[in-house]
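[1] Could you work out the structure for the sequence below:
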Amino acid sequence: QVQLVESGGGLVQPGGSLRLSCAASGFTFSRYAMRWYRQAPERERELVADITSTGIIKYADSVKGRFTISRDNARNTVSLEMNSLKPEDTAVYYCNAQYWVAVPPPTLYDYWGPGTQVTVSS
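    Modelled structure (predicted):
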């Protein structure tokens, strides 16, 4: 049974820090690209950070220099260190695992966690 469980969300003041973690189970974690998305009220879900199975990392422009994504394949976890938080970072943050198999028939394995709320407010 595939499971992604986020933790570490909460309320923090502007300029503060939080560390989100996502514990994965039920699939071969090391093969998957792992991503953090977020969705603020009345806004579309957006990709925040991405780390591939080979460790290539990308960030949304809005979080570059403030957020750091990392993965631990031995523990099947992916983390998001968030520093210098701003009110506009307030959102539900989702962990996503994705693995594309090109061999016919092409198959996309795409899993999501339930999300964790991050609120940045004074």
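[2] So residue 15 lies in a helix, does it not?
    No. Counting by DSSP: H, G, I helix; E, B strand; the rest coil, residue 15 is not part of a helix but coil.
[3] which residue sits closest to it, ignoring its sequence neighbours?
    residue 84 (6.1 Å; CB to CB, 6 or more residues apart in numbering). For every residue, glycine as well, the C-beta is placed using N, CA and C.
[4] Please verify my assumption that the one you found contacts residue 66.
    Yes. Using CB atoms under 8 Å, residue 84 makes contact with residue 66 at a distance of 4.7 Å.
[5] what's the residue nearest the centre of the chain sitting at in phi/psi?
    Closest residue to the average C-alpha location of the chain: residue 36 at 1.9 Å, with CA atoms, centre = their mean. Dihedral angles of residue 36 (phi, psi; degrees, to the nearest 10) stand at phi -110, psi 130.
[6] How about the contacts made by it?
    Taking CB atoms under 8 Å, 6 or more residues apart in numbering, we find residue 36 in contact with 20, 22, 47-50, 69, 78, 80, 93-96.
[7] Report the separation between it and residue 106.
    Using CB to CB, to the nearest Å, residue 36 is found at 25 Å from residue 106.
[8] do the same with residue 114
    Taking CB to CB, one finds residue 114 at 28 Å from residue 106.
[9] out of these two, which sits in the more crowded spot?
    residue 114 (11 against 8; other CB atoms under 10 Å).
[10] what pLDDT does the more buried one get?
    At residue 114, the pLDDT value in this model is 97.
[11] ok, then the element right after the strand of greatest length in the chain?
    Counting residues, the longest strand in the chain under DSSP state E turns out to be strand 91-101. Scanning forward in sequence from strand 91-101 by DSSP states H and E, the next helix or strand is strand 107-112.
[12] Now do that following strand and strand 91-101, the angle between them.
    Computed by axes from the mean of the first three to the mean of the last three CA atoms, to 10 degrees, the angle separating strand 107-112 from strand 91-101 equals 160 degrees.
[13] Which strands and helices lie in contact with strand 107-112?
    Applying 3 or more CB pairs under 8 Å, 6 or more residues apart in numbering; DSSP states H and E, we find strand 107-112 packed against strand 91-101.
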